[in-house]
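Q: sequence first, then the predicted structure:
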Amino acid sequence: MNITRVGDFTTVWGESLVWDEQRQRLYFVDTLSSTIHWLDDSATRPSSLATPQMPSGMVATSDGRLVVTFDDGLYVVDTDAGTFTLLSAYPERIGGRCNDMVADFDGNLITGKLNLGPAEGSSWWYQPSTDTWKMLDDDISNTNGPTVAVLDAKMTLIIGDSSKHYFAYDYEPATGTVGPRRVFGDVDALGGGIPDGATLDCDDGLWCAFPGRGQLVRFTTNGHDRTVYLPCKNPTDVTFGGPNLDRLYVVAIEDGLYVIDGLGSGRVEPRAKL
């Protein structure tokens, strides 16, 4: 295993890594600087687009654009044209703005409320084709690291709550229906921590960023099986990228971007269908 810093730039609050396999491009946001960044090919200095509101969650679309969670709703962002188009305002029931986001295999989106500490919150399913929102769980304080996968032959949704654990649900993407939640990643068993961004590898292991601990932790259906210590104190998100999806990128708060080689490979992530 080898950990390398990418370039010499620093993020204020880096988040939401997205690998676009079509463009061979790595996207990420700096939330507090209201900026979307990206790296093409072997670049070590990012290209940037200033945003009109604070960005947080981000998902690639089937047509090569991005869907981004902003203050008042989901926006479609075209980084080439520098345009921002409202896709859907948040439901009033959310009571604030959304945080992290992921697409499922049908092109729907899963996101949820942003809270910086324990507070009332919820996670939601959004279907772009019908502009339909549906609440998935009304007891998720801060939605982080949502992921959809087939685990143990069942379609599964994983949602991290930064105040609790990583939870798993049996999931039906066509209707946004979930079964009873269960603990997938037990944070208490690690001695505590703040669940943040996450990504799956090709062996169905969930790599999770833990800010404050300077660690990545891997969970499987059998529980915690690996910890990687980082040169940054506050990692916030991870994703696999590179031509062979075998480089694990890590972004952080008040630090930079890192890449880890030698941890296996990831998968092509689902895209939003608009």
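A: Thanks, I have it.
Q: residue 266 versus the residue nearest to residue 220 when sequence neighbours are not counted, what's the distance?
A: The shortest distance from residue 220 to any non-neighbouring residue, by Cβ to Cβ, 6 or more residues apart in numbering, is to residue 205 (5.1 Å). (C-beta placed from N, C-alpha, C; glycine too.) For residue 205, the distance to residue 266 (Cβ to Cβ, to the nearest Å) stands at 10 Å.
Q: who's more crowded, those two?
A: residue 266 (25 against 19; other Cβ atoms under 10 Å).
Q: the more buried one and residue 233: what is the separation?
A: Counting by Cβ to Cβ - residue 266 and residue 233 are separated by 24 Å.
Q: next one: residue 167
A: Residue 167 is 26 Å from residue 233, where distance means Cβ to Cβ.
Q: check residue 21 too.
A: On the measure of Cβ to Cβ, residue 21 and residue 233 end up 30 Å apart.
Q: and what of residue 31?
A: In this view, residue 31 and residue 233 are 17 Å apart by Cβ to Cβ.
Q: okay, these two: which has more neighbours?
A: A direct count of neighbours by other Cβ under 10 Å for residue 31 and residue 233 places residue 31 higher, at 20 against 14.
Q: against residue 59, how distant is the nearest residue to that one once chain neighbours are set aside?
A: Leaving aside its sequence neighbours, residue 31 sits nearest to residue 13 (Cβ to Cβ, 6+ apart; 4.6 Å). Note on residue 13: its distance to residue 59, by Cβ to Cβ, is 19 Å.
Q: which of these two has more residues huddled nearby?
A: Using other Cβ under 10 Å, the more surrounded residue of residue 13 and residue 59 is residue 59, with 26 against 18.
Q: what sits against the more buried one?
A: 18, 66-67, 101-103, 109, 271-272 (Cβ atoms under 8 Å, 6 or more residues apart in numbering).
Q: what bits of the stretch 101-250 of the chain have low per-residue confidence?
A: In the prediction, the stretch 101-250 of the chain carries no residues with pLDDT under 70.
Q: run the last query once more with 90
A: 116-119, 192 (pLDDT under 90).
Q: quick one: the strands in the stretch 101-250 of the chain?
A: 109-113, 123-127, 132-137, 143-151, 154-161, 166-172, 177-178, 182-185, 198-200, 206-210, 215-220, 223-229, 235-241, 247-261 (DSSP state E, counting those that start in this stretch).
Q: and the contacts of the fifth one?
A: Strand 154-161 is touched from outside by 100, 104-105, 110, 112, 121, 123, 136-137, 140-150, 166-173, 178, 184-185, 195-196, 198, 206, 208, with contacts defined as Cβ under 8 Å, 6+ apart.
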